[in-house]
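Colleague: here's my sequence, what's the structure:
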Amino acid sequence: MFENIIKNVHNRHPLIHCITNYVSINDCANIVLACGGAPIMAEDINEVSQITSICQGLDINIGMLNDNKLSSMLKAGATANELGIPVILDPVGAGSSDYRIKAVQNLMSNVQFGVIRGNVSEIKAIAEKQGIHNIAAGVYETMQKNKSAMGVEAGIADKITDDNIKEMADFINKLSQKTGAVIAVTGGIDMVADENRVYAIRNGHKMMSLVTGAGCQLSALTSAYVAADKEHILESVCAAVSVMGISGELAYRRMAEVDGNASYRNYIIDAVYNMTDETLKELGRIERI
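Modeller: Next up is the predicted model:
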């Protein structure tokens, strides 16, 4: 399933246009470089179309959103769709304000996304606006009670567990069918789905939650993987999610007693840089649901 995915990124060296979060923009650039791609960051409406047209992938991240940035995202997304360039959406904090969820609705109404990647709370906020509430009743009721936590970090109750994984698989599968995008939900257990298939990925380390912008980095990494093989988007997304998790595991093993979350962030990027298809095959914990 994952033959030569990492090698493809290094060989094809995709140029990725990231309109992303100011908090994590430098780390996003570095992780694209680490995986074998090349990043470019531009958000002025006067150039985003031209910049997108020379790229192989577009990463749209709504962290630190404003009206001008949203207009540029819409224009870049339209250009990418016209040219067949895959577009990734990272709906940061989608459920935390009316402004953000309306912006996501605007983007999804006007741009066809190849991948939507977020935590459970963000994906649930999107699904509600798409009219999808068909999680098993108990799971959905728990999520509804936890609406106040739907922000940049997933709410405590918005977790994928072995008890609700089947219901969550059905939920994100339906969302993929509705949107035409591969859906990636990240957390303690990650899940990736297209219209027909759903995979669970059990890589990662709890310390990754102490790295600001780890999700933003994953979306940028995913853009590079998908751009290198846009004919196999589901497989590329699964690989990217697993690689990020494996990198978190390897980074933690490397830490010394004097290290903290800043060193850990750098070790994750180092691990992505040193990743091989053989390491992915050996350490990736990916299963079809």
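Colleague: now for residue 47, how many residues are close by?
Modeller: Using other C-beta atoms under 10 Å, residue 47 is surrounded by 13 other residues. All C-beta atoms are positioned from the backbone trio N, CA, C, and that covers glycine.
Colleague: tell me how far residue 87 lies from residue 61.
Modeller: 11 Å (C-beta to C-beta, to the nearest Å).
Colleague: likewise for residue 256?
Modeller: Applying C-beta to C-beta to residue 256 and residue 61 gives a distance of 32 Å.
Colleague: between the two, which one's more packed in?
Modeller: It is residue 61, of residue 256 and residue 61, that has more neighbours when counted by other C-beta under 10 Å, with 29 against 6.
Colleague: so that one makes contact with residue 22?
Modeller: No. In terms of C-beta atoms under 8 Å, residue 61 does not count as a neighbour of residue 22; the distance is 9.9 Å.
Colleague: ok, and what's touching stretch 207-217?
Modeller: Stretch 207-217 is contacted by residues 20-21, 23-24, 27-28, 31, 61, 63, 90, 92, 117-119, 153, 186, 244-245, 248, 252, 261, 264-265, 268-269 when judged by C-beta atoms under 8 Å, 6 or more residues apart in numbering.
Colleague: narrow those residues to those in strands?
Modeller: In strands, defined here by DSSP state E, the members of the contacts of stretch 207-217 are 61, 90, 117, 118, 119, 186.
Colleague: what pairs with the fifth one across the strands?
Modeller: In other words, residue 119. residue 186 (DSSP bridges).
Colleague: tell me the confidence at it?
Modeller: With respect to pLDDT, residue 119 scores 94.
Colleague: against residue 172, how distant is it?
Modeller: 12 Å.
Colleague: quick check: neighbours shared by those two?
Modeller: Counting by C-beta under 8 Å, 6+ apart, the residues touching both residue 119 and residue 172 are residue 185.
Colleague: tell me the SS of residue 18?
Modeller: Three-state call for residue 18 (DSSP: H, G, I helix; E, B strand; the rest coil): strand.
Colleague: and the pLDDT for it?
Modeller: At residue 18, the pLDDT recorded in the model is 98.
Colleague: for it, which non-adjacent residue is closest in space?
Modeller: residue 59 (4.5 Å; C-beta to C-beta, 6 or more residues apart in numbering).
Colleague: contacting residues for the one you found?
Modeller: 16, 17, 18, 19, 20, 28, 88, 90, 219, 220, 222, 223.
Colleague: just flag the most distant two among those.
Modeller: 19 and 222 (14.7 Å; C-beta to C-beta).
Colleague: which of the two has more neighbours?
Modeller: residue 222 (32 against 22).
Colleague: I'd guessed that one sits against residue 240; true?
Modeller: Yes. Using C-beta under 8 Å, residue 222 is in contact with residue 240, at 4.2 Å.
Colleague: where along the stretch 151-289 of the chain do the strands fall?
Modeller: 182-186, 190-193, 198-201, 286-288 (DSSP state E, counting those that start in this stretch).
Colleague: hmm, I typed the wrong one, I wanted the stretch 1-150 of the chain.
Modeller: 15-19, 38-40, 57-61, 87-90, 115-119.
Colleague: redo those strands as JSON lines? Include distance to residue 210.
Modeller: Below are those laid out as JSON lines (distance: least, C-beta to C-beta, whole Å):
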{"stretch": "strand 15-19", "distance to residue 210": "23"}
{"stretch": "strand 38-40", "distance to residue 210": "24"}
{"stretch": "strand 57-61", "distance to residue 210": "20"}
{"stretch": "strand 87-90", "distance to residue 210": "19"}
{"stretch": "strand 115-119", "distance to residue 210": "15"}
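Colleague: which stretch among the ones you listed comes nearest residue 68?
Modeller: Going by C-beta to C-beta, the one of the strands of the stretch 1-150 of the chain nearest residue 68 is strand 15-19, 11.1 Å.
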